[in-house]
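S.K.: Sequence and predicted structure, then a few things I'm wondering about:
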Protein chains: 2
Amino acid sequence: MSKNLTTRSEDYSKWYNELVVKADLAENSGVRGCMVIKPYGYAIWEKMQAELDRMFKETGHQNAYFPLFVPKSMFEAEEKNAEGFAKECAVVTHYRLKNDEDRPGKLMVDPNAKLEEELIVRPTSEAIIWSTYKGWVQSYRDLPLLINQWANVVRWEMRTRLFLRTAEFLWQEGHTAHATKDEAIEESEKMMNVYADFAENFMAIPVVKGFKTETERFAGADETYCIEALMQDGKALQAGTSHFLGQNFAKAFDVKFANAEGKQEHVWGTSWGVSTRLMGALIMTHSDDQGLVLPPNLAPIQVVIVPIHKTDEQLAQITAAVNELTAKLRKLKISVKYDDRTTQKPGFKFAEWELKGVPVRIAVGPKDLENGTFEVARRDNLSKEVVAAEKIVDHVNDLLEQIQKDLFDKALTYRNTHITEVNNFEEFKEVLEGKGGFISAHWDGTAATEEKIKDLTKATIRCIPLDAVEEAGTCVFTGEPSSKRVLFAKAY
Amino acid sequence: MSKNLTTRSEDYSKWYNELVVKADLAENSGVRGCMVIKPYGYAIWEKMQAELDRMFKETGHQNAYFPLFVPKSMFEAEEKNAEGFAKECAVVTHYRLKNDEDRPGKLMVDPNAKLEEELIVRPTSEAIIWSTYKGWVQSYRDLPLLINQWANVVRWEMRTRLFLRTAEFLWQEGHTAHATKDEAIEESEKMMNVYADFAENFMAIPVVKGFKTETERFAGADETYCIEALMQDGKALQAGTSHFLGQNFAKAFDVKFANAEGKQEHVWGTSWGVSTRLMGALIMTHSDDQGLVLPPNLAPIQVVIVPIHKTDEQLAQITAAVNELTAKLRKLKISVKYDDRTTQKPGFKFAEWELKGVPVRIAVGPKDLENGTFEVARRDNLSKEVVAAEKIVDHVNDLLEQIQKDLFDKALTYRNTHITEVNNFEEFKEVLEGKGGFISAHWDGTAATEEKIKDLTKATIRCIPLDAVEEAGTCVFTGEPSSKRVLFAKAY
């Protein structure tokens, strides 16, 4: 298989778009801005889902399902939230089609089937969920509610890119309700930490944990926690957010509870989500000019075995050895594919599995059988070695763990060497346009300055890091006093 | 907890509606016809999903995801299918809201944001999927495509009931493409068999496998296979369908492949689905006047343990014994809940877990500790027995298996005694209005007769059983000749 993949240095954006399609992850559909997630891409998403779901349940959450549609009057109840999403809402106005008399065999929207009230296709589910919670909460004994939903949502984006920004995307959204402010804040922080743990230890993507500025905050939240990752082109990507909602939705939907003293109080809320956008983060963190690079934890196929043979007899002998190996690897829950297609040559297969990011490739030829060895190749660093048959199972098992670790370390080194402290605006622009990455700089804390910097440079404040050190300084743009550095970057 | 559940004999329909809500399975939402699936109900659905997903993958299928929206021109391409669903389509016409100047803080649909082409919210995904398959299939080597999607779909039903008929519901839809007619038919039959296996061996619901008549066939299919279950009120419920689509969608979307001889041919298709409707089937097959009855395979909590104590010291002793038991049961992958709430009395807890259908309840009091015993109660037949501590783990493990089997046997006996052969229309009406259930009768094979019988009695042909015996007879309604019996029933 010839890859013909644009290289990252030629055109990073084109490289990404081509890779997503050529590695069979996703493609654009016949519906504007909506993608088709192909089986190979979906299998990776399923692995993310399974692990996140496990982590949510381990932290006491349960899944549920709420309606896709939100009546307009319900949607607009929490005004800030509604305003924040109003410009990107798909709206259902009719509930029936009828035959188009002017075009036989074709249909038209039936004007007599207009809804009394328009339905918004959920861009996020706070409104529908808090309107439901009103019926679920009476007393402090009903709290906390710790609920998650796996769902599709729609945000009518004008410029879309596969996985990164699509009109419809898949995600999970947690929505919790608590008796106290402290408990809700603790929950928001806990879920940010769950996301960070997942990103780093499962996806091998290092992230910075922080707060969003008021400008970048979720519409309707009092505080937005986030995890920010850095892509190989020096642009940041918001990989997950967790919102402390205060009592905003409880007040908008009149969700109150009787506390232990019998007094009525409004409930405190959180919401948190990650989406198929993580697929974009995954691709842009690890992949290279040969194609996708997958951390073993996320690889639908962890090991591919390719036979190298000339005769049918050789293939039969190789297959016998491979079947034995495969059985042993599968016992260790390693997913293995034996690519014994006779329609393709080994070189084609090598290129195809490289493109698809299979972490470990094993090649076996007659010489290997003779010598009692296998040739093992790593996808991440493209290195090869010959391994004795009696050591192959342990070797592969250890190697998968090593690759997972190495990918994280490599990404961490890249990220850490791309956080640059700057102390004046000239430097700021120079680093932004040159080296890229996160710029650690003092900021005067005003939305006005944030906006001016964005207008001038396209850089936004990605977050105020949780671990930011108190340090007297002056704003990189206005020179006003500042007490800590924040992270700026251009972002996806 | 007082259940106050209407009994089945009082009002079956009311019993069902109350049970769904009181057992915390689902509730109506603030969106017309759409339901909220509550955590306990969703946990049951997740168990169904996990098992079905395993079965689909075992039979070679992969998951993928296709857009929620279908542009109208794409939707109407397969005319029969489009016509079949046209009357129940939710239609997106706009993509933006704006501030309503007449109502400060409120929003209105922005008339300037009208879509050039309306988008149908998928009622089923054949159109969007076959339009995608066109790009995926060139040669016979690309076939078969064996793909499944877990998704939400919307059908604008006028009269809705929780789980049984809702405007939005969750389902899986398999869509496969094949090089030959025989292979596609084989696939349709295979998936009908997978559904039957799942219904009977996992959900403990006996089903009849059969064909639909042309009238009842899926719009756009050449043949619809189905599994039909019988509810306790004598009404049938279609629990799953598998369609042989012929080349209808391939022709509508121009999906062709080059066969081994290089000749272009249209692809053959199938589609198959089951939905959250299965939750309704589950409830109405097994449950009783005390509430939900769950087969152990589907129970989120398989065993609940309730302490019976007066003093804190007693509770501490009981808890120690329970912790030991719980650990042993969990090792066998049995899901256990220890209900040690101090806010509720044992009687309340018993009633609550009965209502929620937990298959096995264990009660432990000071006397039990003294005697080295546990009191074990079965939810399905409400029987109780005292079991020695040293035998309890094996006992519970065996009991869960026994309950699963007994529930199926009970439902099978009911179903089998409710298939009644009738040979004239008087008898037909008498059985239908009296005993209910399936009526096995000769039919002349015409849609006209089918419709007349439906108009007169509300009974429809549920299926032509796969195992129907060739037998000369005369139509129960017209007296015309017939070669086999079909199954009639009133249906959900």
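M.R.: Okay, I see it. Numbers count the residues shown, from 1 in each chain, chains lettered A, B, ... in the order given.
S.K.: I'd assumed residue A:250 was in contact with residue A:222.
M.R.: No - Residue A:222 is not in contact with residue A:250 according to C-beta atoms under 8 Å; the separation is 11.9 Å. For every residue, glycine as well, the C-beta is placed using N, CA and C.
S.K.: Settle it for me: which of those two has more neighbours?
M.R.: residue A:250 (24 against 19; other C-beta atoms under 10 Å in any protein chain shown).
S.K.: Checking that one next. Helix, strand or coil?
M.R.: What DSSP: H, G, I helix; E, B strand; the rest coil gives for residue A:250 is helix.
S.K.: That one and residue B:216, how far apart?
M.R.: Distance, residue A:250 to residue B:216, using C-beta to C-beta, to the nearest Å: 48 Å.
S.K.: for the residue nearest to the spatial centre of chain A, helix, strand, or coil?
M.R.: Of all residues in chain A, the one closest to the mean position by C-alpha atoms, centre = their mean is residue A:278, 1.5 Å from it. Under three-state DSSP, residue A:278 falls in the helix class.
S.K.: Next secondary structure after the longest helix anywhere in chain A?
M.R.: Longest helix in chain A by number of residues (criterion: DSSP state H): helix A:392-416. Beyond helix A:392-416 on the C-terminal side, the first helix or strand identified by DSSP states H and E is strand A:419-421.
S.K.: same for that following strand, what does it pack against?
M.R.: Applying 3 or more C-beta pairs under 8 Å, 6 or more residues apart in numbering or on different chains; DSSP states H and E, one finds that strand A:419-421 contacts strand A:438-442.
S.K.: what about the next helix or strand after the strand it packs on, average pLDDT?
M.R.: Sequence-wise, the next helix or strand downstream of strand A:438-442 (DSSP H and E) is helix A:447-457. The average pLDDT for helix A:447-457 rounds to 98.
S.K.: Show me the helices in the stretch 151-300 of chain A, by range?
M.R.: A:181-201, A:248-252, A:277-286 (DSSP state H, counting those that start in this stretch).
S.K.: so where's chain A uncertain?
M.R.: Chain A contains residues with pLDDT under 70 at A:1-3.
S.K.: domain ranges for it?
M.R.: Domain assignment for chain A, taken from the TED database, gives A:12-286, A:303-401, A:423-489.
S.K.: tell me the contacts of residue A:307?
M.R.: Contacts for residue A:307 (C-beta atoms under 8 Å, 6 or more residues apart in numbering or on different chains) come out as A:315, A:318, A:319, A:322, A:338, A:339, A:340, A:346, A:363, A:364, A:365.
S.K.: Show me just the buried residues among these.
M.R.: By neighbour count, with 16 or more other C-beta atoms under 10 Å in any protein chain shown, the contacts of residue A:307 hold A:315, A:318, A:319, A:322, A:338, A:339, A:363, A:364, A:365 as buried.
S.K.: ok, those vs chain B, which is closest?
M.R.: Nearest to chain B among the buried ones among the contacts of residue A:307: residue A:339, at 14.5 Å, using C-beta to the nearest C-beta.
S.K.: residues touching the closest one, list them.
M.R.: Residue A:339 touches A:304, A:305, A:306, A:307, A:349, A:353, counting by C-beta under 8 Å, 6+ apart.
S.K.: how close does the first one sit to chain B?
M.R.: This points to residue A:304. Look at residue A:304 and chain B: by C-beta to the nearest C-beta, to the nearest Å, they are 17 Å apart.
S.K.: now do the last one
M.R.: The gap separating residue A:353 from chain B is 17 Å, by C-beta to the nearest C-beta.
S.K.: which non-adjacent residue is nearest that residue?
M.R.: Closest residue to residue A:353 apart from its sequence neighbours, by C-beta to C-beta, 6 or more residues apart in numbering or on different chains: residue A:304 at 4.7 Å.
S.K.: what number of residues lie near the closest residue to residue A:197 other than its chain neighbours?
M.R.: Spatial nearest neighbour of residue A:197, chain neighbours left out: residue A:55 (7.4 Å); criterion: C-beta to C-beta, 6+ apart. By the criterion of other C-beta under 10 Å, residue A:55 has 16 neighbours.
S.K.: With the one 10 residues further on instead?
M.R.: By other C-beta under 10 Å, 24 other residues sit near residue A:65.
S.K.: Report the closest residue of the stretch 201-350 of chain A relative to chain B.
M.R.: Of the residues in the stretch 201-350 of chain A, the one nearest chain B is residue A:343, at a distance of 7.1 Å by C-beta to the nearest C-beta.
S.K.: The closest residue to that residue other than its chain neighbours and residue B:268, how far apart?
M.R.: The spatially closest residue to residue A:343, leaving aside those adjacent along the chain, is residue B:141, at 7.1 Å (C-beta to C-beta, 6+ apart). Here residue B:141 is placed at a distance of 16 Å from residue B:268 (C-beta to C-beta).
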